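Asker: Show me the folded form of this:
(one chain, ligands or ions: 2)
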Amino acid sequence: MLATTRIRQWKPVALATAAVLAGLTASTLTATPAAATTTAYDTTYYKNAVGKTGTSLKSSLHTIISSQSKISYSAVWNALKVTDQDPNNSGNVILLYSGVSRSKSLNGGDVGDWNREHVWAKSHGDFGEATGPGTDLHHLRPADVQVNSTRGNLDFDNGGSTVSGGGGSLVDSDSFEPRDADKGDVARMILYMAVRYEGDDGWADLEPNEKVNNGSNPYIGKLSVLKQWNDEDPPSAFEEKRNQVIYDTYQHNRNPFIDHPEWVEAIW
Ligand SMILES: [Ca+2]
Ligand SMILES: [Ca+2]
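Answerer: Ligands and ions are numbered 1, 2, ... in the order given. As a prediction, this is how the structure comes out:
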């Protein structure tokens, strides 16, 4: 980030303006490195990971978060009604990407409904909807049916044209950019999946990379953009609460990057 900022400082004004118009907002230029959200679990849940970095940290976290309960894909509907409940309206859920608050009863597959979005696209590694990565609540979110369809199995990157009803999200032929308030959430969900699934339990080893057009390979890009989004959009109270609900009620494992977003940089 610092190097990028320095380069921009000597760019001609016209170019700097163009960069702003292209979506590089002030927050992009001033985002500070992520810091711990909570240390409440450092001496218990995370005690074998604290103090480590790199592959050692990733390996410790993998062991810790792989101890979990699992739910069926049909049970995901009701779970999302709890994990993603609108804090201001208990009859609604908040939809990823659009930020829309919609009735819990509108779950389904028709226009105007919400459905179960796999943030780690289920075709990347081909895990489908089977109990496991296909039903892991840490990357499943309610999303508008049409916005979910637009996202499809695209990789994540900056840029594109406005997604209809997408709350400011952008899309082009090979990537999707969530609205600003969901950028960090997406990054932390993707990187949770990369640590949770290491190829040792019958599922593909999921990993971030620097590409788009990853297709059915078990990769999602772009890592450098996800790292930037993790800094720009720190964990919110909503995101922390859903992590806690998943831990307390459903899976009994945590997304370490919501508790310790600085561990993204420590590993990648
Ligand atoms: Ca957020
Ligand atoms: Ca992995």
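
Asker: so how far is Leu191 from the closest residue to Asp231 other than its chain neighbours?
Answerer: The shortest distance from Asp231 to any residue other than its chain neighbours is 4.3 Å, reached at Ala31 (C-beta to C-beta, 6 or more residues apart in numbering). C-beta coordinates here come from the backbone N, C-alpha and C atoms, glycine included. In this view, Ala31 and Leu191 are 17 Å apart by C-beta to C-beta, to the nearest Å.

Asker: lowest-confidence helix or strand of this structure?
Answerer: helix 2-9 (a mean of 39; mean pLDDT, DSSP states H and E).

Asker: Do a quick rundown of the helices in the stretch 101-250 of the chain.
Answerer: 145-151, 180-196, 223-232, 237-245 (DSSP state H, counting those that start in this stretch).

Asker: Quick check: which of the ones you listed is buried the most?
Answerer: helix 180-196 (a mean of 25; mean count of other C-beta atoms under 10 Å).

Asker: other SSEs contacting that helix?
Answerer: Using 3 or more C-beta pairs under 8 Å, 6 or more residues apart in numbering; DSSP states H and E, the elements in contact with helix 180-196 are helix 54-65, strand 207-209, helix 223-232, helix 237-245, helix 256-259, helix 263-267.

Asker: Return that helix as PDB; C-alpha atoms alone will do.
Answerer: Provided in PDB are the C-alpha atoms of helix 180-196 (Å, rounded to 0.1, in the frame of the first residue of the first chain):
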ATOM      1  CA  ASP A 180     -17.500  -1.400  -0.500                       C
ATOM      2  CA  ALA A 181     -19.200  -2.600   2.700                       C
ATOM      3  CA  ASP A 182     -18.900  -6.300   1.700                       C
ATOM      4  CA  LYS A 183     -15.400  -6.200   0.300                       C
ATOM      5  CA  GLY A 184     -13.600  -7.200   3.600                       C
ATOM      6  CA  ASP A 185     -16.300  -9.800   4.400                       C
ATOM      7  CA  VAL A 186     -15.700 -11.500   1.000                       C
ATOM      8  CA  ALA A 187     -11.900 -11.500   1.500                       C
ATOM      9  CA  ARG A 188     -12.100 -13.000   5.000                       C
ATOM     10  CA  MET A 189     -14.600 -15.700   3.800                       C
ATOM     11  CA  ILE A 190     -12.400 -16.700   0.900                       C
ATOM     12  CA  LEU A 191      -9.300 -16.900   3.000                       C
ATOM     13  CA  TYR A 192     -11.100 -18.800   5.700                       C
ATOM     14  CA  MET A 193     -12.000 -21.400   3.000                       C
ATOM     15  CA  ALA A 194      -8.300 -21.500   2.000                       C
ATOM     16  CA  VAL A 195      -7.200 -22.400   5.500                       C
ATOM     17  CA  ARG A 196     -10.100 -24.700   6.400                       C
END
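
Asker: how far does it sit from the chain's center?
Answerer: Taking the mean of its C-alpha atoms, helix 180-196 sits 2 Å from the chain's own mean (C-alpha atoms, centre = their mean, to the nearest Å).
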